[in-house]
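Colleague: below is the structure, and that's it, no one-letter string:
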């Protein structure tokens, strides 16, 4: 009587384990960086929307005969750094809003904005806050290029 056993050989199993090890060594570092990359992408999108909103308000003001930039980006005047504040929005019926829908502040949270002073804001990525300032004389919303994540957020 003949015994027919179909199974994998030890060489085949070792080969599969080696291939899986190589694939995981390549994939795991790429997956680990996605959360920080997502926060950078969100921040980049927010900065672009804020800058576009400033330009839109400037155009609206010019059409009304006022040749200046918006004085402020929102109505927050106290409690800087608190959560759940309406940033970049005046809630005045979309007359002077920088953003149609506000970004709500999120203190000490990655991917969140906070107001840190008059026309000063911060965006957090990986626990590091990047400071942004708005200059109402020329309409520039930017960060110091020497600070962490500034170049990634403004490219």
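Modeller: Received the coordinates, thanks. Here the structure is a predicted model, which is why all the values come from computation and not from measurement. Numbers count the residues shown, from 1 in each chain.
Colleague: please count neighbours and contacts with C-alpha atoms only from this point.
Modeller: Will do.
Colleague: run through the neighbouring helices and strands of the longest strand seen in the chain.
Modeller: Ranked by number of residues, the top strand in the chain under DSSP state E is strand 128-135. With contacts taken as 3 or more Cα pairs under 8 Å, 6 or more residues apart in numbering; DSSP states H and E, strand 128-135 sits against strand 120-125, strand 140-143.
Colleague: which outside residues touch that strand?
Modeller: 119-124, 140-144, 147-150 (Cα atoms under 8 Å, 6 or more residues apart in numbering).
Colleague: quick one: buried residues of that strand?
Modeller: 129-135 (16 or more other Cα atoms under 10 Å).
Colleague: and of those residues, the nearest to residue 54?
Modeller: residue 134 (9.8 Å; Cα to Cα).
Colleague: is the closest one in a bridge, and if so with what?
Modeller: When bridges are taken as DSSP bridges, the partners of residue 134 come out as residue 141.
Colleague: list the contacts of the residue nearest the centre of the chain.
Modeller: Centroid-nearest residue in the chain: residue 43, 1.7 Å away (criterion: Cα atoms, centre = their mean). For residue 43, the contact set (Cα under 8 Å, 6+ apart) comprises 111, 123, 153.
Colleague: show me the strands in this protein, by range?
Modeller: 86-87, 103-104, 113-117, 120-125, 128-135, 140-143.
Colleague: distance to residue 62 and mean pLDDT added to these, as TSV?
Modeller: Shown next, in TSV, are the strands of the chain (distance: least, Cα to Cα, whole Å; pLDDT from 0 to 100):
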stretch	distance to residue 62	mean pLDDT
strand 86-87	24	92
strand 103-104	26	92
strand 113-117	27	93
strand 120-125	25	93
strand 128-135	18	94
strand 140-143	17	94
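Colleague: JSON lines for those, including distance to residue 53?
Modeller: Shown next, in JSON lines, are the strands of the chain (distance: least, Cα to Cα, whole Å):
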{"stretch": "strand 86-87", "distance to residue 53": "12"}
{"stretch": "strand 103-104", "distance to residue 53": "13"}
{"stretch": "strand 113-117", "distance to residue 53": "16"}
{"stretch": "strand 120-125", "distance to residue 53": "16"}
{"stretch": "strand 128-135", "distance to residue 53": "12"}
{"stretch": "strand 140-143", "distance to residue 53": "11"}
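Colleague: I am finished for the moment; much appreciated.
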